[in-house]
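Visitor: Only the shape, not the letters, is given here:
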């Protein structure tokens, strides 16, 4: 994928600043940097991450995504992920297969997902089969990206574990490498589509997302406001954000924030947009509940929560993930209630009009 001729993010578009976290300092357990990470994780749940060391693998993944999206539609549809909320959501998703809001407006994004379990088991098939373009790069590109992303995300989880006052390794125990899970990598592609939503507003399903963008499009709904703001991509910097599982495990101490993807702003909007993400999600059997028995800090937060049931879902990670995926699929839509059944830990939808072109 050629990224050399892409226009810069426009200077006249308002953006929301994120804290820049230095992964090298986090790995070294530098106290001040850990406090900056904690601030980002508890205030917005989004931050930039520099010096993560996965740049070469990222370039290869973008190439794999471009190769896969160039396949004939008939070939891609052989690997479509289907409408049953597959536990790992993997395979190909065509544009228009998902709703972006309660009205049933269709999304404009195609993507290819590869399960962590398949990447690590290669050449053995753990979960499902994939297009030839994926298989050709599984060993050289996809597995190294998954391994690198796991190392980054597990380090961040371990630091947050200690800040939450949990016994050493508690959060990593919720994400065992050996257990099947919804953890996956995704390359998302969307063509120029005017001022409309590519992916609808949502909180992430799992624990921690490790995102790489070359064009704008990501927007966050900042707490306490009703205004969507772009997050500017910075070369060499990933964007990390927390998902529902971390909010639940911490009884709301850590934030899983609403975000969406729009067409890129300004001159960038004339270009097709690729993005790449690795999603860390708990093991399928892990029950999503606040870890009150393991941390006085979390127990206190749960006791003070306006709605304690929010942090005791009674659902496994598999059930949570399947529900959310299945109810976004337009083929399963019965009405606005289907969209609402796909929601996560967010309290409400924004009241401002959605910026979409009819």
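Guide: Noted; the coordinates are in hand. Since the structure is predicted, the reported quantities are computational estimates derived from the model, not experimental observations.

Visitor: Quick one: find the helix or strand in the chain with the lowest mean pLDDT.
Guide: Lowest on mean pLDDT, DSSP states H and E among the helices and strands of the chain sits strand 197-202, with a mean of 91.

Visitor: buried stuff in it?
Guide: Buried residues in strand 197-202, counting neighbours by 16 or more other Cβ atoms under 10 Å, are found at 197-202. Bear in mind the C-beta positions are built from the backbone N, C-alpha and C, glycine included.

Visitor: Rebuild those residues as a markdown table, extending it with distance to residue 143.
Guide: Listed next are those as a markdown table, based on distance: Cβ to Cβ, whole Å:
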| residue | distance to residue 143 |
| --- | --- |
| 197 | 33 |
| 198 | 28 |
| 199 | 26 |
| 200 | 31 |
| 201 | 32 |
| 202 | 28 |
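
Visitor: From these, pick the one nearest residue 62.
Guide: Of all these, residue 198 has the smallest distance to residue 62: 16.9 Å, by Cβ to Cβ.

Visitor: List the neighbours of the least confident helix or strand of the chain that are in contact with it.
Guide: Where contact means Cβ atoms under 8 Å, 6 or more residues apart in numbering, the residues beyond strand 197-202 that reach it are 98-101, 105, 107-109, 188, 190, 217, 221, 258-263, 273, 328, 342-344, 346, 349-350, 354-356.

Visitor: Any regions of the chain where pLDDT drops low?
Guide: Segments of the chain classed as low confidence (criterion: pLDDT under 70) are 1-4, 86-89, 347-358.

Visitor: that older thread, okay, now the sheet partners of the least confident helix or strand of the chain, with direction.
Guide: Strand 197-202 has these partner strands in its sheet, going by DSSP bridges: strand 259-262 (antiparallel).

Visitor: helices and strands around whichever helix or strand comes after the strand it pairs with, which ones?
Guide: Toward the C-terminus, strand 259-262 is succeeded by strand 273-280 as the next helix or strand (DSSP states H and E). When contacts are defined as 3 or more Cβ pairs under 8 Å, 6 or more residues apart in numbering; DSSP states H and E, strand 273-280 packs onto helix 55-69, helix 143-163, strand 184-190, strand 208-213.
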